[in-house]
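S.K.: A structural model of the following input is requested.
(one chain, ligands or ions: 1)
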Amino acid sequence: MDYQGNVIRPPSETNSIILQVTVGCSHNRCTFCGAYKEEKFRYKDEAIIDRDLAYAAQHFQRHRRMFLADGDVVSIPQHRLVPLFQKINCKLPWIRRISLYGNSRGLRHKTVDDLLTLKALGLDRIYMGLESGEDAVLASVCKGSTAAQMIAAARKVREAGIFLSVTVLLGIGGSQGSTQHAVATAEVLNQMAPNQIAALTVIPIPGTTLYDDMNRGHFQLPNELSILQELKTLVNHIKLDKVQFQANHASNFLPIDCRLERDKSITLARIEQALAGAIPLMPDYMRGL
Ligand code: SF4
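M.R.: Below is the predicted model:
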């Protein structure tokens, strides 16, 4: 398979065939993100994708899932995306689930009908980065979308019946804005109504603007207890009947994997125990983004 640059996939796509159809991210400006810094966003040549599909058809006949990389495949115009999905169906008819990353900027150009067409062709899951529900935080990290735009994008995905997984970033509101960020994020999540929420903890990466901001004193990372408090506020304010909530990424201090609303009181009690020092936190040397 042809992989150019940094190819990143969500943890739940470990067993998927990774087909890289774009390189980089069309936005590439989020101050905390170092994923595609060196890459200029581009669509890959059709001939390369065709070669990869032929290879996958020959070697991955037991795989049932495919993830389309890189950062923002949903931004590919519909007239190119539909033939790509048709080709996948034709060459690998055993694939049952196709997933991709989609940010709200890319989703702005897709109608519910576009998404329904893709769903009929196998698009099962979209991973979307909300990061924060607070507009001031979104603007400060150059996310390129407002909370209202994120909600609108999420509603389209849900209306098309596509599984929506949303990522939020603990700590990105800084130490002063921690509670406000957690409350606003929960409120926006409540309106997005995703199937899954993944909470990561921000770790400023050398080479990113956020890292420079931190070193210049313009951004203060909350300490681990503040992050736990933020997690508690977030969980407490999420009011969704049925959502998988995961904070078990390598960046987190306290691994959590639960179903809300069902497991809310157990989860809050676990965070309380960690705050009181009764549950050890992940040491920094074991954490990473
Ligand atoms: S949209 Fe996603 S991949 Fe692109 S720069 Fe922002 S966080 Fe990184």
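
S.K.: what mean pLDDT does stretch 90-109 have?
M.R.: In this model, stretch 90-109 has an average pLDDT of 95.

S.K.: Between the two ends of stretch 253-270, what distance do you get?
M.R.: Distance between the two ends of stretch 253-270: 12 Å, counting by C-alpha to C-alpha, to the nearest Å.

S.K.: Enumerate the positions of that stretch that are buried.
M.R.: Across stretch 253-270, burial judged by 16 or more other C-beta atoms under 10 Å covers 253-254, 256, 258, 260, 264, 267, 270. C-betas here are computed from N, CA, C, even on glycine.

S.K.: Centre of the chain to that stretch, how far?
M.R.: 20 Å (C-alpha atoms, centre = their mean, to the nearest Å).

S.K.: repeat for stretch 213-231
M.R.: 21 Å.

S.K.: so for that stretch, what's the average pLDDT?
M.R.: 95.

S.K.: Any stretches of this structure with poor pLDDT?
M.R.: 289 (pLDDT under 70).

S.K.: which residue ranges form the helices in the stretch 51-200 of the chain?
M.R.: In the stretch 51-200 of the chain, the segments counted as helices under DSSP state H, counting those that start in this stretch are 78-91, 104-107, 112-120, 135-140, 147-159, 178-192.

S.K.: What ranges does the protein have for its strands?
M.R.: 17-20, 22-23, 42-43, 65-69, 97-101, 123-131, 163-170, 196-201, 243-246, 257-260 (DSSP state E).

S.K.: on that earlier part again, could you dump the helices of the stretch 51-200 of the chain into CSV and include mean neighbour count and distance to the ligand?
M.R.: What follows is the helices of the stretch 51-200 of the chain, written out as CSV (neighbours: other C-beta atoms under 10 Å; distance: least, C-beta to the nearest ligand atom, whole Å):
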stretch, mean neighbour count, distance to the ligand
helix 78-91, 15, 18
helix 104-107, 22, 8
helix 112-120, 17, 19
helix 135-140, 18, 11
helix 147-159, 20, 12
helix 178-192, 21, 15
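
S.K.: just so I know, which of these lies nearest Asp50?
M.R.: Asp50 lies closest to helix 78-91 among the helices of the stretch 51-200 of the chain, at 7.5 Å (C-beta to C-beta).

S.K.: contact partners of the closest one?
M.R.: 19, 21, 43, 49-50, 53-54, 56-57, 66, 68, 73, 76, 95, 98, 110, 114, 117-118, 121-123 (C-beta atoms under 8 Å, 6 or more residues apart in numbering).

S.K.: try 6 Å
M.R.: Residues from elsewhere that reach helix 78-91 (C-beta atoms under 6 Å, 6 or more residues apart in numbering): 53, 57, 114, 121.

S.K.: Tell me the one among those nearest to Val157.
M.R.: For these, the nearest to Val157 is Asp114 (11.0 Å; C-beta to C-beta).

S.K.: sorry, back to before: for Phe32, find the nearest of the helices of the stretch 51-200 of the chain.
M.R.: The nearest among those, by C-beta to C-beta, is helix 135-140 at 10.2 Å.
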